[in-house]
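1. How does the following fold in three dimensions:
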Amino acid sequence: MGQDAEVATNAACGSAASPGARAQRRLAGLDGVRGLAALFVVLNHIFLRAFPGYPVNRAPFWAAWFGYGRFAVVVFIVLSGFSLALSPARHGWHLDGLGRFAQRRAWRILPAYWAALVFSLVVAWAIVPPPGQDAPDVKSVVVNGLLLQNLVGAPSPNRAFWSIALEVQLYVAFPLLLLVIRRVNALAMVAAVTFVVAAVGVVGPQFPWASTLVTQSPPDLAALFALGIVLAGIVRAKQVRRSSRTWPSLPWAWLSLAAVAPVLATIRWQGSGWTLEHLLWVDLALGPAIACLIAALAVNRPTSLVRALDVRPLRSLGLFSYSLYLTHAPIVVVLYEKLVAGRVRQGAPSFLLAVAVVVPATLVFARLFAAVFETPFVSQRGRPALWARSPAVATMLSPRGTARRGRSGAGPRHRSGEPPRGPRADAGSTETDRHRRTAGPVSHRRRTVPRPAAAHRPGHR
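-> Numbers count the residues shown, from 1 in each chain. I've put the predicted structure just below:
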């Protein structure tokens, strides 16, 4: 997902900062949040296989929460808006060019996505299609390849792809949202987007087309994306005004807990049927809690929470969370059908067995997939990173390497190791440099050959 699994503070800027500088700007804990959200989606898809009957949830209390995989998408979307907006927030809400922004986003999203699409198509054609779906056809290839699967109906090779299309469409709206912030302010932008979303939520049930839109392209995710953008401005204000005693000093972690508690209580009270029928409103209610959690990580408080989310396993999981999200669904379907279904009864036993079998397989496959189709395009965005993995090629591609070659490889050397000094060496010199070389002190330049006595006259130097 937008995950962007990368350094949060330069998720959108794609700057050429050194790895050390990027590491210093990384916000601790965000990779852990990404990784846990991706793992939650995997568990959700296992849950849907082990506990059929969606949206009715008959699972025990400890497993029932895995039925709400949509909440992980909410986390991804808020994080995406936040990560993309951090760089513009540092530069007056300006992008460094629409073309460069589009190129970086495409380079980050499309290689891994298209590779996962090929993988999903092969599994659907050769082994088994996703549950409730026909085998993908040519229309499926075109629609999913162009990231229109949330707008155009077609058999899906991977049920997780809908959110990727929606996120890419939010990227298209991102420059417009920044323009509104520059012309008015951030709060007006998020209020306007939320108002439109709420209007769609009220009107949607009255019209079939609007109801379909709410189901296939949840508009509430646009409001959550806008909320993440505003959050980036708050974090930036904290960085600029470190002595501020207003927003940055708030107890963000406690505010997050206070915001999420009534939502979770309502879900528990109303049940899964009501919750899944009112996901638009539940998502909007969860947004502030997620935003406060991200703000807590950004200000590094409480440190115990940040350290818990920034442990090495979670940080590593977050770095390939996008690949895990893209590739897990076909693996869940195949392994559940071949190794779990029919061997144990449905419910908690099949869920636990599937978790033990499927989760390690999805993690290993996603890690290998990311090494080929994701990590190279994250580390060297904007140019073919597979070339840059060779040290020699990386040196030639880098500006420093070019300058070094200009200094040291511009022609044959003398045996002393110094380049020859000829007419070309003086061609670019200034008049002052020439004068220094030809009219320097005689004691250093012209006393090797004694001058005739007649050549010395009083006052002559």
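
2. Three-state assignment for residue 133, please.
-> Reducing the assignment at residue 133 to three states with DSSP: H, G, I helix; E, B strand; the rest coil gives coil.

3. What are the phi and psi values at it?
-> Phi and psi for residue 133, reported as degrees, to the nearest 10, are phi -120, psi 140.

4. That one: neighbouring residues, count only.
-> Using other C-beta atoms under 10 Å, residue 133 is surrounded by 17 other residues. C-beta coordinates here come from the backbone N, C-alpha and C atoms, glycine included.

5. For residue 65, see how far away residue 44 is.
-> 9 Å (C-beta to C-beta, to the nearest Å).

6. the helices in the stretch 301-450 of the chain, which residues?
-> In the stretch 301-450 of the chain, the helices defined using DSSP state H, counting those that start in this stretch lie at 303-309, 312-319, 321-335, 348-373, 375-379, 385-388, 391-397, 399-408, 423-427, 431-438, 442-445.

7. By mean pLDDT, show me the worst of the ones you listed.
-> If those are sorted by mean pLDDT, helix 423-427 sits at the bottom with a mean of 41.

8. Tell me how far residue 36 lies from residue 112.
-> Residue 36 sits 20 Å away from residue 112, going by C-beta to C-beta.

9. Apologies, that question was intended for residue 329.
-> Noted for residue 329: a distance of 14 Å to residue 112, by C-beta to C-beta.

10. Those two - which one has more neighbours?
-> Neighbour totals were compared for residue 329 and residue 112, and residue 112 leads with 26 against 23 (other C-beta under 10 Å).

11. Please identify the helix or strand for that one.
-> When elements are defined using DSSP states H and E, residue 112 is found to belong to helix 98-126.

12. Tell me where the stretch 151-300 of the chain has helices.
-> For the stretch 151-300 of the chain, the helices defined by DSSP H, counting those that start in this stretch occupy 162-183, 186-203, 208-216, 220-240, 252-270, 272-277, 279-298.

13. Any chance of a markdown table for those, columns mean neighbour count?
-> As requested, those are arranged in a markdown table below (neighbours: other C-beta atoms under 10 Å):
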| stretch | mean neighbour count |
| --- | --- |
| helix 162-183 | 18 |
| helix 186-203 | 17 |
| helix 208-216 | 14 |
| helix 220-240 | 23 |
| helix 252-270 | 15 |
| helix 272-277 | 16 |
| helix 279-298 | 22 |
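
14. looking at those helices, which has the lowest confidence?
-> Set side by side, these differ in mean pLDDT, and helix 208-216 is lowest with a mean of 79.

15. and that one with helix 186-203, angle?
-> For helix 208-216 and helix 186-203, the angle between their directions (axes from the mean of the first three to the mean of the last three C-alpha atoms, to 10 degrees) works out to 120 degrees.
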